[in-house]
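Colleague: This is the structure alone, sequence omitted:
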C-alpha cells in the first residue's frame, strides 16, 4: 500500500533522507558498530555488504509531537497508528515512593497519581492512536486507572501476571481481538481489522532490566515463537478439514496469518548492539555471539531464530541513526538529526560517588558473571535470604562437620561448571548420537563410539573437547586400541551399547577436565579472600565466611560491573567501602540532616530516627531506610541492655545500603526534603547533567512505516535540555517518553 495517502503539511513536518551525517559522539563507542546491521537495509537494495549502515535513500517523515496521529491519515482503513509508553507504575501501595523520583522544584501535588493520571489521560486520548501499548500498569488498580480508555472506545488486554504489567489497548470500531498470549514480560495480541480482515500481531514488551541479556533475548524470541505457533496451528487445522466450505474458511484464516503485519514494541530495558536487536534485524542469534557489554556471558545454548524476515526499527528509519552508531549509554548533546533519547533522568552519580579508579582489578568475586550465575543455580539461590544461604551451606558441607574444606569447594565448582555449560553438554550429547540412523535408538555400539571419538579428535573445534575426553577417561594417545578398551568402562550397564545417560556422564567428566585449571584457580581464589598476609593457605571456611563468599557472588550478578554508578553492599566491609566513596557533598548533607534530628549531635535515638523516617516516608514501616534502621537497632539491642542508638557511622551505613540498591534519587529526595540542598551545584551547564537511555522501540515487519512522531515539542525539549527539567516532572508523568508511529499494510 502506498504511503501517499498520508497527509503531510510541509510547514509542520520535517522529512529526512538516508544516509545522512550524524552527530559523532565524543567518546569511543562501546559497541562494535561494524557488527551491527542497519535495520533499514530491507527497505533498500542490500547488495553484498550487509554490514553497511548506509541504508540507501528512504524518506520517512518525523511528525510533530502532541498532534493527533489521526490528523496525519487520510485513508483510515489502510493505516494503523500506534503508541508505546512506559507510564511509570501508578502511585499506590507498591509505588508510594514514586514522588521521590521528581526533582525538588516539583510541587508535591504534581507528583501524585491524580495529577499524573490526568497527564497520561490527556496524552493518550489526544494522540488518538488506534493501538496503545502500555508498560508498568498496576493490575490491582488497572480498571480505575484506565477507565477513561474504555469510555473513549478502547478495548484492552491486560497481562495476567507480574507486578509491572503490559496492557494493549485498541479501538473497538477498528479492531477485534483474535488471539492473546501472556508470556514472560511480553503480551502477544493478534488483532483483526474490522474493515479489511487483515491481521496485526503485537508483541508488547517490558523486558527484564539489568545484566540479563540472555533473558531479554528469550523473552522476545518466545513472543515471536508464539506468533509462529498460531500459524502452525492454522496449517494443521487446514489439513484436517474435508468439507469444501470449511476448507475455504481455513485457507482464508491461514492466509490472513501468513500475511499479517507484526509489531514488537515497548520498553526493552537495553540499548546498543543487543541480542534482541540482532534477533529482530538479522533474524537470529548464534550460540557463539556475545553482546559487547557482556562479552563473557553465554546468551543461548542453541541458535534462536524467527521466520518473519528482517524487522525495521521505526526510529532508525526516521532519524537515520541506529543505537549502534554511538555510545548511547552516555549523555550526548542533542543536535539536529540525533536520535532522541526515550529515557532522560538526572545523573546523580557524580553528586554522590567519587569516581572508581581505572585500575581497580577484576571483580571482587574473581568468578565473572557466568560462573557466578552457575553457582547460584547449582545452590538454588534466588532471594539470597538467610534460609537459602543456610541450605546452601548444608548442601556443600558434605561431611557435616560445620566447615567447608577445599575438597568440598572443588566438588561444588565441578558441579557449577557442569551446570554452567549444561546447554553445551546437551548439544554435544545430541551431536554425538546424530547420524547413526534408527539402529542407534538404544545407544551406540563400540565401533560407532570409536568412530565418533576419532571424528571428534580430527575436528578443529573439537580438539579441546577431545583432550578433555582423554583426560576424563585416562587416555594417553587417543589411539583406537585405547578407545576400544575404554568402552567397557563407560558402558555402565554392560549391555554393549553406550546410551545417552552414560554419555552424559562422560561429557560432564570431560567438561570438568577441560576447565580443570580454571576450576583449581577459582578454588584457590575462593579461600584467598580470608587469608592474612602472614598466614599459610586456608583450607577451611566457617559458615560465616562461606556465607560472605556467596554474598560476594550476589554482587557479581547484581552489581559487579565497573563504573561510578554501580556498587553493591552485602557485608559490613562493603558498607565501609561504599562510605569511602561518598563525595564531600554527600557527607556534608548526611551530617547536616543527622545534626537536625539528633539531640546531642553524636547519636540518634529510636524516637529521633523515627521522626526522620516519618518525614521522608510519610509513615513508619515502609521503605528501605526503615528496614535498614530496624536491622541495625535490632542487632544492637541483642548485644546491650540499654536502648540502642545510631552513631554517625551507622547513619552513613543506612544510606550506603540504599545507594547500593540504585536508589540515588530516593537518597537525594530524603536529604532535600529535610532541608539539605544536594543538587544546588548541579547546574544546567554540567556536562553530565542527564543520564539518557534509548530504551523504548517500535520494530515492525511485513508492513510499511509512513511516519514516526517526535516525543517532545521544541518548547518541551528546551525545558529538558536547556532548563534542566529532567523526567518525570510537572508536565510529564513518567521517566520514559512515548514512541509513536503510523503504518500501512503491505
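Modeller: Looks like it came in fine. Every value quoted in this text rests on a predicted model; they were computed, and no experiment measured them.
Colleague: what about residue 287, how many neighbours?
Modeller: Counted with other C-beta atoms under 10 Å, residues neighbouring residue 287 total 15. In short, each C-beta sits where N, CA and C put it, glycine included.
Colleague: Any figure for the gap between it and residue 217?
Modeller: As for residue 287, its distance to residue 217 is 11 Å (criterion: C-beta to C-beta, to the nearest Å).
Colleague: so what sits against both of those two?
Modeller: Residues touching both residue 287 and residue 217 (C-beta atoms under 8 Å, 6 or more residues apart in numbering) are 299-300.
Colleague: And the helices in the stretch 551-700 of the chain, which stretches?
Modeller: 572-580, 584-597, 606-617, 624-639, 648-660, 664-673 (DSSP state H, counting those that start in this stretch).
Colleague: before we move on, what about the stretch 1-150 of the chain?
Modeller: Here the stretch 1-150 of the chain has its helices, by DSSP H, counting those that start in this stretch, at 113-127, 142-145, 147-151.
Colleague: would JSON lines of those with mean neighbour count and mean pLDDT be doable?
Modeller: Formatted as JSON lines, the helices of the stretch 1-150 of the chain follow (neighbours: other C-beta atoms under 10 Å; pLDDT from 0 to 100):
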{"stretch": "helix 113-127", "mean neighbour count": "17", "mean pLDDT": "97"}
{"stretch": "helix 142-145", "mean neighbour count": "15", "mean pLDDT": "96"}
{"stretch": "helix 147-151", "mean neighbour count": "14", "mean pLDDT": "97"}
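Colleague: Which of those sits closest to residue 695?
Modeller: Distance to residue 695, taken as C-beta to C-beta, is lowest for helix 113-127 among these, at 18.2 Å.
Colleague: How about residues contacting that closest one?
Modeller: Around helix 113-127, the neighbours that count as contacts under C-beta under 8 Å, 6+ apart are 66, 68-69, 81, 83, 85, 87-88, 90-92, 98, 109, 132, 145, 148-149, 152, 728, 731-734, 738, 740.
Colleague: Generate a ChimeraX selection restricted to the buried entries among these.
Modeller: With 16 or more other C-beta atoms under 10 Å as the criterion, this ChimeraX line picks the buried residues out of those:
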select :69,81,83,85,87,88,90,91,98,132,145,149,728,732,733,734,738,740
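Colleague: low-confidence ranges in the stretch 551-700 of the chain?
Modeller: Low-confidence segments of the stretch 551-700 of the chain (pLDDT under 70): 551-570, 681-688.
Colleague: so residue 650 touches residue 632, yeah?
Modeller: Yes: contact status for residue 650 versus residue 632: in contact at 5.4 Å, counting by C-beta atoms under 8 Å.
Colleague: Find residues that contact each of those two.
Modeller: What both residue 650 and residue 632 touch, as defined by C-beta under 8 Å, 6+ apart, is an empty set.
Colleague: that older thread, would you reformat the helices of the stretch 551-700 of the chain as a markdown table and include distance to residue 62 and mean neighbour count?
Modeller: Listed next are the helices of the stretch 551-700 of the chain as a markdown table, based on distance: least, C-beta to C-beta, whole Å; neighbours: other C-beta atoms under 10 Å:
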| stretch | distance to residue 62 | mean neighbour count |
| --- | --- | --- |
| helix 572-580 | 44 | 16 |
| helix 584-597 | 40 | 18 |
| helix 606-617 | 42 | 17 |
| helix 624-639 | 42 | 15 |
| helix 648-660 | 39 | 21 |
| helix 664-673 | 31 | 21 |
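Colleague: Rebuild those helices as a markdown table, extending it with distance to residue 266.
Modeller: Shown next, in a markdown table, are the helices of the stretch 551-700 of the chain (distance: least, C-beta to C-beta, whole Å):
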| stretch | distance to residue 266 |
| --- | --- |
| helix 572-580 | 34 |
| helix 584-597 | 35 |
| helix 606-617 | 31 |
| helix 624-639 | 28 |
| helix 648-660 | 28 |
| helix 664-673 | 23 |
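Colleague: Which of those sits closest to residue 160?
Modeller: With C-beta to C-beta, the closest approach to residue 160 among the helices of the stretch 551-700 of the chain belongs to helix 624-639: 29.0 Å.
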